[in-house]
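Asks: Provided below for reference: sequence and predicted model.
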Amino acid sequence: MPDTKTKATEDKVIKSEEQWRRELSPMQYAVLREKATERPFSGEYEHEHRAGTYVCAGCGNVLFESDAKFDSGCGWPSFTQPAAESHIDEERDTSHGMIRTEVLCSKCSGHLGHVFPDGPGPTGLRYCINSAALKLEPK
């Protein structure tokens, strides 16, 4: 039976902090809900090469396809583009004395990572994403 306390408005997933804590691992909660960053080179998907679709660990929203993944050497999974522009939101992030562009899941507002303008073609972008924010659905 579905959790009746989970609200969806215009395809948005809204849960209480208690629900998020119950459903996510401590690292997933820290990253997705508290905007933490996992240590570089420590994430499950940093060296993942299987074909598949990366979805949000919080809500299952399709975020990235494996064919957009590349090894940037930065220590986190990197992608040249999202699976669909409408599946991510971007916000200006001025934390830690830097100006960056934060990447969020459009469905649950979970923190995914950041996007930088130093990636390869064709987009020139590097979506630097925490493994803890992702789940791989292999093909």
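Replies: Thanks, I have the structure now.

Asks: for the chain, what spans make up the helices?
Replies: Here the chain has its helices, by DSSP state H, at 17-23, 26-34.

Asks: Adding mean pLDDT, mean neighbour count and distance to residue 69, write those out as CSV.
Replies: No exception for glycine: its C-beta is placed from N, CA and C like everyone else's. Listed next are the helices of the chain as CSV, based on pLDDT from 0 to 100; neighbours: other C-beta atoms under 10 Å; distance: least, C-beta to C-beta, whole Å:
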stretch, mean pLDDT, mean neighbour count, distance to residue 69
helix 17-23, 96, 13, 26
helix 26-34, 98, 19, 18
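
Asks: Make a markdown table from the ones you listed and add distance to residue 75 to it.
Replies: What follows is those, written out as a markdown table (distance: least, C-beta to C-beta, whole Å):
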| stretch | distance to residue 75 |
| --- | --- |
| helix 17-23 | 26 |
| helix 26-34 | 14 |
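
Asks: Show residues contacting stretch 30-41.
Replies: Contact with stretch 30-41 is made by 17, 20, 24, 27, 56-58, 74-76, 95, 102, 105, 108, 110-113, 130-133, as judged by C-beta atoms under 8 Å, 6 or more residues apart in numbering.

Asks: Which among those count as buried?
Replies: With burial judged by 16 or more other C-beta atoms under 10 Å, the buried subset of the contacts of stretch 30-41 is 20, 24, 27, 56-58, 76, 102, 105, 108, 110-113, 130-133.

Asks: what's the pLDDT at the residue nearest to the spatial centre of the chain?
Replies: With distances taken as C-alpha atoms, centre = their mean, the residue of the chain nearest its centroid is residue 112 (3.0 Å). Note on residue 112: pLDDT of 98.

Asks: Same question for residue 9.
Replies: On pLDDT, residue 9 comes in at 47.

Asks: All further residue positions should be reported with the first residue as 13.
Replies: Will do, 13 is the new start, and the previous item becomes residue 21.

Asks: Now do the same contact list for the residue nearest to the centre of the chain.
Replies: 44, 68, 75, 100, 115-117, 139, 141-142, 145-146.

Asks: Nothing else from me, thank you.
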